Structures are given as C-alpha cells and as structure tokens.
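A.B. asks: Generate a structure from the sequence data that follows.
(chains A and B)
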Amino acid sequence: MRNIWTISKREITHYLASPVAYLAAFALMLIIGLIFFTNIQVAFLYTSAPSPEFIIAPIAFLLIFLVPAITMGSIADEYKTGTLETIMTAPLRDWELIVGKWLGAVFFFGGLLVFTWIFPLILNQFVDPGIDQGILISGYLGVFLLMSAFVSIGIFTSSLLNNSIASYFLTFAILLLLWMISAPSQAATPSGNEILKYLDFSEHFYPTFLTGVIDLKDIIFYLSATIVMLFLGTASLEARRWK
Amino acid sequence: MIEVVGLSKDYGTRRALDGLNFNIHQGEIVGFLGPNGAGKTTTMRILAGYLPPTSGTAIIDSKDLIKDSLAIRRITGYLPETVPLYNDMSIRSYLTYMGNLRHLKKVDQLVDRALTKVDLLDRADGYIGNLSKGMRQRVGFAQAILHDPDVLLLDEPTIGLDPSQIHEIRNLIKEYGKQKTILFSTHILSEVQQLCDRVLIINKGRILVEDSPEQLQMRLSGGRNVVIRVNGSIAPLINAFKKVKGITGATLLGDSAAQVTVQPDFEARPEIARIVIKEGLDLIELRGADLSLEQIFIQLTADEKTSASTASNHLE
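C.D. replies: Below is the predicted model of the structure:
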C-alpha cells in the first residue's frame, strides 16, 4: 500500500510540473465553459430550464481526448529515459507500480472534476427551484467511474509501448472504439448485438448514470474493466523484463 | 556474498551470457572488465533484479535471485550505466522518493548523509535537469548508497567524466568498499589496477580470467619487459641483446630505444648496461616495464580467437 501511495504522490507532483497537464485542464475548462455558456443562452431564449446533463455529458466525451494525454508517458517515458530500471530494481512489486501510476492519474482527474463542479453551482443559481441534484450526483459518479476505467486503459497502453505519442493514439483509438462499439449493432445478429452493447462504455453511462439511475451492474462493469486493464498493465510490465 | 551459477541470458536468438560462474566474497571490490557488448550490463541488470536470467541463478547473501528478488533488491544498491534520473525533480526530492520506495526510516537523515558523501549537500534543492554529467553521476551514486546496501553494483560509474570527476568517483568507491561488497564494470583497465581486489574479465558472455590485478600481470606477461634508451642508434645492439642469458626477445621502439623481454628470475639489466657502454653509447634509461592490462586484455581476447579458429579447423 505504501509503495502505491509513494508512486502516486510522485505522479501527481509530476503532473503539476508538466505543461501537458495544465493544457489538458485548460482545454477541459474552456470547452465545458463554452458549452455551458451556449446552453445558458439557449435556455434564456426559450425560457426552458437547463439541466446538469449539458455539462456532464460533454465532460465524459472529452475524457476520450484528455485521458490519453495524461497517461501516455506514465510508463513509456520512464522506459525511454531509463528511470524504469531504477524503479524496477527498488524493492517494489510490478503491480504496485502500475496501481500507483493509475491512482496518481485518477487523483489528477478527480481534482479536475471537482473544478468543473463550478458550472452546476452557477447553474443552480439560475434555475428555480434549483437543478436536479440526483442527476448531478449520479452523473458525476458515472464520469468518475468512466474516467478510472479510461485511465487504466491509458496506463496499459503506456506500459505496452516505448513511445508516448504512440501510446496517446493507441489509447485514443481504444477509448473511441469502446465509446461507440455498439453503433454497428443494428447490422449484427441479436446475440452479437447484445455483446456489443454490453461492451460499449457509453451504454453504461447515457441511459443510466446520466438520467439519474445508479445501477450496481454499471458500477461493476466499470470497476471490472479497470481491474482487468490494471492486471494487463502489470502483465505487460512483467513481460518487459523477459524481453 | 555473491555466487553466480551457470548464468545465461538470451535476447531473442542472441546469447548475451553463456553460463557465467563466479564468486565474490564479502568486502571485496571486484572489477568487471570486458569490451562493449561482452555482457557486463546484462550481468549487472540480472544481479540488480531488473532482468530475469534465461537459465542459471545467483545467490546473494544466501538468498536466491529469482525466488527472493525483493529481499535481494532491498540489500542491493545499483547504479545503471546511463544514470537515469527524473529531470523535473530536485536532488533532495528524488532521493527522498527513492528512500520512500525502500521504506527507509528517517529518510531525511539518510538523504543528508548520502548527499554529504557525494558532496552535493549545497546543491540538494537544485533541479536534476540542470546538473552536469559528473553531478548526475554523483546523484546516481547517492541513490545507490542511500540505504547503505551490503552489495553495490556499479555499471561503468566513471564513463564520460572528466579526470577530476573520475578521481572523485573512484575515491567514493574505495571509501565505500572498505566495508561493503562492490562489483563494478568498466573498460578502463587502469581503474581496475587502482581499485580492485580481483578482476573478472568477460568476453562474449563468458568469464575469460578471474584473478587479482597483480597476479594477472605476472601470469600473463611471462616475465618482465625492460625498456632501454640510449643517446644514439640502438639498432646495431639488438642482436647483442638477444644473446644475453634470459632474454627471449628484443624489439626496437624507435631509433634510440628498444624493449627486451626477460624470463622470470633472470636479471639482465647489468649485462645490458655493459653492452651499451662497450659500444660507446650513453645509457639514458633502463627500466622494467610491466605488461599493461591493456596488453593482457588484447592478448587474452586474441588467444580466444586463435583457439576458436583452431577448434573450427579441427572440426573441418
């Protein structure tokens, strides 16, 4: 446990010293801010009540672009600069390194999500009698679980490759694929349709968390995806030793 | 302290280590010598717990390298050849980080102690990214000795340093080696002569020779070399030198100098002096010259080549 904490602490300080992290945070806040502004305008125009979904749904989608930017170097860069050699000759287990790296990035994005909370807070002032708190909480829970699964995929590809740019694009491709894998489901057979729908990350988010439904099945889906990817990341790190 | 048994390592189809066997006793400083690509770094990485061997094992402090990897990593300090460091960290925060990964108690004190040893205490809060090569090397060394390990593995610790920095690092090794076991690799032979109790020479993944630096010279030179320098032309004297009892060969070193090889237990220098005087020349220099480790090394690797080619001839 202590090693995981040591690794994740170092990851966070590393992010806070890196321009990529600030750029990712800036991009997220800027885009969500613009969407927020437009929605407020539209709401005033049509005198309809804006809902927190307008903020939460784009955050979830933006994570597909932002998570790879943060996780791309986590193992790949350490391999490239050779620091992985000093870490892997220190007395810690490979899985502790992977989980520590994952936890560091989860903390970073967790912090970012807290910052985006400012938009629903403002929104709450505009709407009478306030926005739907249920959707807000379940939506943010969904985004958090989604993010933790995304991060574990990013750590895995980073452990697979020696090049962080390659890791970015591979992670991005995987996340995008998992986000819309059920799109061709109409063409598939009924059973294939079911499988694709189950694997689709957005299918566990849009119909449930975003509508205020917290279903244990979806929580388990994201958690097990995270665990599987962390396990694969550890395996790929171990495989590096055998290369 | 370190017992390496039949250690082999394959990278794909290439065999990097081919059944390595050697022992290092507690408190020894052992130099690990060999040309580039001989398998030095691979051996270091295996002993440090970074790479697993393809076959064979090593016992360090009566623990098995494969089964007790974590226990071995706890008592081992390792300085990789490239001295990998985090450029975005300060020296102190880097060492504290490494200390925390090792679960050290009183990390701050240990960091200060290590920094004092490598004389970087006043630079402790500076960023690693701004350091010179020599200072990076010292930070790497501080990292390796931070937890006061019983076994220190140093992979080419003096490579790329200027002479005064080399001197500093060698002093650090000497100082630390008084109580602990050190294996360090190098291809600078004079370093081995200065620092080591014992030398392991490795080539193509196999140990060629294992001996003390002095013994190695004695064994391989097959006697002593004597260098003669006169003020005039020495060429006419070569044949006379060759007739002296105990001298097995003579070669010219330019116009006015020559080198002769003398069998062990013979003292040929008085006779050489007489020959020079008799010829009416002045003797400027007459000194014994040992075979340098460089020469020994070339000789050893050349021997191997010849024996390998004879072996293949036999096969044909």
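A.B. asks: Can you show me the helices along the chain?
C.D. replies: Here I'm looking at chain A. A:2-16, A:19-46, A:53-71, A:76-81, A:83-88, A:94-116, A:118-126, A:133-160, A:164-179, A:190-199, A:216-242 (DSSP state H).
A.B. asks: let's do chain B instead
C.D. replies: With DSSP H as the criterion, chain B has helices spanning B:40-48, B:69-75, B:91-101, B:107-117, B:133-145, B:163-176, B:189-195, B:213-221, B:238-243, B:269-278, B:293-315.
A.B. asks: residue contacts, the residue in chain A that chain B sits nearest to?
C.D. replies: Nearest residue of chain A to chain B (Cβ to the nearest Cβ) works out as A:Gly82 at 3.2 Å. Heads up, the C-betas are built off the backbone N, CA and C, glycines and all. Neighbouring residues of A:Gly82 by Cβ atoms under 8 Å, 6 or more residues apart in numbering or on different chains: B:80, B:82, B:84.
A.B. asks: And B:Ala124, how close does it get to B:Ala114?
C.D. replies: 10 Å (Cβ to Cβ, to the nearest Å).
A.B. asks: The two: which is more packed in?
C.D. replies: Neighbour tally, B:Ala124 and B:Ala114, criterion other Cβ atoms under 10 Å in any protein chain shown: the higher count belongs to B:Ala114, 25 against 18.
A.B. asks: Model confidence for the more buried one, exactly?
C.D. replies: Per-residue pLDDT puts B:Ala114 at 93.
A.B. asks: Might one say that it is in contact with B:Gly140?
C.D. replies: No: using Cβ atoms under 8 Å, B:Ala114 is not in contact with B:Gly140, being 11.0 Å away.
A.B. asks: What parts of chain B come near chain A?
C.D. replies: Residues of chain B lying close to chain A by Cβ under 8 Å from any Cβ of the partner chain are B:11, B:45, B:48-52, B:70-71, B:73-74, B:76, B:78, B:80, B:82, B:84-89, B:93, B:97-98, B:100-103, B:143.
A.B. asks: Now for the residue nearest to A:Phe108 when sequence neighbours are not counted, how many residues are close by?
C.D. replies: Excluding the flanking residues, the one nearest A:Phe108 by Cβ to Cβ, 6 or more residues apart in numbering or on different chains is A:Tyr15, at 4.9 Å. Residues lying near A:Tyr15 (other Cβ under 10 Å) number 21.
A.B. asks: pLDDT below threshold where in chain B?
C.D. replies: The model of chain B has pLDDT under 70 over residues B:217-223, B:264, B:290-297, B:299, B:301-316.
A.B. asks: Distance of A:Gly139 relative to B:Ile202?
C.D. replies: Taking Cβ to Cβ, one finds A:Gly139 at 62 Å from B:Ile202.
A.B. asks: Spell out which parts of chain A neighbour chain B.
C.D. replies: A:2-3, A:6-7, A:10, A:13-14, A:17-18, A:81-93, A:241-243.
A.B. asks: Can you give me the domain boundaries for chain B?
C.D. replies: Following the assignment in automatic domain parsing, chain B carries domains at B:2-211, B:219-289.
A.B. asks: Can you get me the start-to-end distance on the longest one?
C.D. replies: From its first residue to its last, domain B:2-211 covers 16 Å (Cα to Cα, to the nearest Å).
A.B. asks: Centre of the chain to that domain, how far?
C.D. replies: 13 Å (Cα atoms, centre = their mean, to the nearest Å).
A.B. asks: Least confident secondary structure element in chain A?
C.D. replies: Least confident element among the helices and strands of chain A, by mean pLDDT, DSSP states H and E: helix A:190-199 (a mean of 80).
A.B. asks: Kindly calculate the angle that it makes with helix A:216-242.
C.D. replies: 80 degrees (axes from the mean of the first three to the mean of the last three Cα atoms, to 10 degrees).
A.B. asks: Helix A:190-199: which residues count as buried?
C.D. replies: Residues A:Leu196 are the ones in helix A:190-199 that count as buried (16 or more other Cβ atoms under 10 Å in any protein chain shown).
A.B. asks: With only the CA atoms kept, save it in PDB.
C.D. replies: Written as PDB, here are the backbone C-alpha positions of helix A:190-199 (Å, rounded to 0.1, in the frame of the first residue of the first chain):
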ATOM      1  CA  PRO A 190     -29.300 -10.400 -31.900                       C
ATOM      2  CA  SER A 191     -26.800 -12.100 -29.800                       C
ATOM      3  CA  GLY A 192     -23.900 -10.100 -31.300                       C
ATOM      4  CA  ASN A 193     -25.900  -7.000 -30.700                       C
ATOM      5  CA  GLU A 194     -26.200  -7.800 -27.000                       C
ATOM      6  CA  ILE A 195     -22.400  -8.400 -26.600                       C
ATOM      7  CA  LEU A 196     -21.500  -5.200 -28.500                       C
ATOM      8  CA  LYS A 197     -24.000  -3.300 -26.400                       C
ATOM      9  CA  TYR A 198     -22.600  -4.700 -23.200                       C
ATOM     10  CA  LEU A 199     -19.000  -3.800 -24.200                       C
END
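A.B. asks: Residue 233: neighbour count?
C.D. replies: Picked chain A for this. A:Gly233: 28 neighbours (other Cβ under 10 Å).
A.B. asks: Switch to chain B, please.
C.D. replies: 12.
A.B. asks: which residues touch the residue nearest to it when sequence neighbours are not counted?
C.D. replies: Excluding its sequence neighbours, the residue lying closest to B:Ser233 (Cβ to Cβ, 6+ apart) is B:Asp255, at 5.8 Å. B:Asp255 makes contacts with B:233-235, as judged by Cβ under 8 Å, 6+ apart.
A.B. asks: From those residues, pick the one nearest A:Phe221.
C.D. replies: B:Ile234 (90.2 Å; Cβ to Cβ).
A.B. asks: so how many other residues sit close to the closest one?
C.D. replies: 22.
A.B. asks: Would you list the phi and psi of it?
C.D. replies: Phi and psi for B:Ile234, reported as degrees, to the nearest 10, are phi -100, psi -10.
A.B. asks: tell me the contacts of it?
C.D. replies: B:Ile234 neighbours (Cβ under 8 Å, 6+ apart): B:228, B:252, B:255-258, B:281.
A.B. asks: Then B:Val151?
C.D. replies: Contacts for B:Val151 were tallied using Cβ under 8 Å, 6+ apart; they are B:1-2, B:47, B:60-61, B:75-77, B:180-183.
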